[in-house]
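J.: missing the sequence, but the structure's below:
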């Protein structure tokens, strides 16, 4: 009787095991977080797609004056690419040796390059304001500040998430460090794609 009951409970749990004494194994939190991240990326992509549509609609109006992008955008792009690379190497090192010590240098560089990206964005905005090309100068300026600022906010959110992951691993509340870093790397690569898309949009218009 107990053997039959155990088998039924196993099947009801969704774990199709030939062992009648098998017990239900809860799903790893990593799988749920990974799915949630894909949903988040979809929402962010849709958000930028809507702003791109609004950009093109506003671009057709006669009062649109093209903006000469500041050279600091090249510096921003370089720093964001470097942050993606260092986070990728941090993930690889954590896979080989699951310890924060193994990827500490790469993680510090990632945070440093990402912070530099945000500071370079502030520098670009300040450069435009200094030549009287602020937010309210014309619609092209407004969209430039809006799109780059929205992207910078998402980048800053990524730094916060990475900091939380590292802190929880350090306190022993999480294992499989490379899996969590892989999620962070996925987010970073997505933001790099969005950034390159925005650069192309601004340059072509």
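T.: That came in fine, so what should we check first? Worth saying up front: this structure is predicted, and the values here are computed from it rather than measured.
J.: Tell me which residues of stretch 85-104 come out buried.
T.: Using 16 or more other Cβ atoms under 10 Å as the test for burial, stretch 85-104 gives 85-95, 102-103. In short, each C-beta sits where N, CA and C put it, glycine included.
J.: do the same with stretch 182-195
T.: 182, 183, 184, 185, 186, 187, 188, 190, 191, 192, 194, 195.
J.: Look up how far residue 75 lies from the third one.
T.: Counting by Cβ to Cβ, to the nearest Å, the separation of residue 184 from residue 75 is 23 Å.
J.: And the second one, by the same measure?
T.: Plainly put, residue 183 is 27 Å away from residue 75 if you go by Cβ to Cβ.
J.: Likewise for the fourth one?
T.: In this view, residue 185 and residue 75 are 22 Å apart by Cβ to Cβ.
J.: what sits against residue 64?
T.: By Cβ atoms under 8 Å, 6 or more residues apart in numbering, the contact set of residue 64 is 58, 138, 139, 140.
J.: mind running it again at 6 Å?
T.: 139, 140 (Cβ atoms under 6 Å, 6 or more residues apart in numbering).
J.: Need the residue closest to the centroid of the protein.
T.: Nearest to the geometric centre of the chain sits residue 187, at 2.9 Å (Cα atoms, centre = their mean).
J.: where do the helices sit along the protein?
T.: Secondary structure of the chain (DSSP state H): helices at 2-12, 29-59, 72-96, 100-130, 139-170, 177-204.
J.: Now do the second one against helix 177-204: the angle between them, please.
T.: Per axes from the mean of the first three to the mean of the last three Cα atoms, to 10 degrees, the angle that helix 29-59 makes with helix 177-204 is 10 degrees.
J.: Now do helix 29-59 and helix 139-170, the angle between them.
T.: 170 degrees.
J.: by contact count, what packs against helix 29-59?
T.: The helices and strands touching helix 29-59, judged by 3 or more Cβ pairs under 6 Å, 6 or more residues apart in numbering; DSSP states H and E, are helix 177-204.
J.: Distance of the closest residue to residue 144 other than its chain neighbours relative to residue 148?
T.: Nearest residue to residue 144, sequence neighbours excluded (Cβ to Cβ, 6 or more residues apart in numbering): residue 67, at 5.6 Å. Using Cβ to Cβ, residue 67 is found at 11 Å from residue 148.
J.: mind showing which ranges of the chain have poor pLDDT?
T.: 1-28, 172-175 (pLDDT under 70).
J.: 90 instead, please
T.: 1-36, 55-71, 91-105, 107, 128, 130-142, 162-181, 201-205 (pLDDT under 90).
J.: surely residue 116 meets residue 79?
T.: Yes: look at residue 116 against residue 79 with Cβ atoms under 6 Å: they come within range, at 4.5 Å.
J.: shared neighbours, the two?
T.: With Cβ under 6 Å, 6+ apart, residue 116 and residue 79 have no common neighbours.
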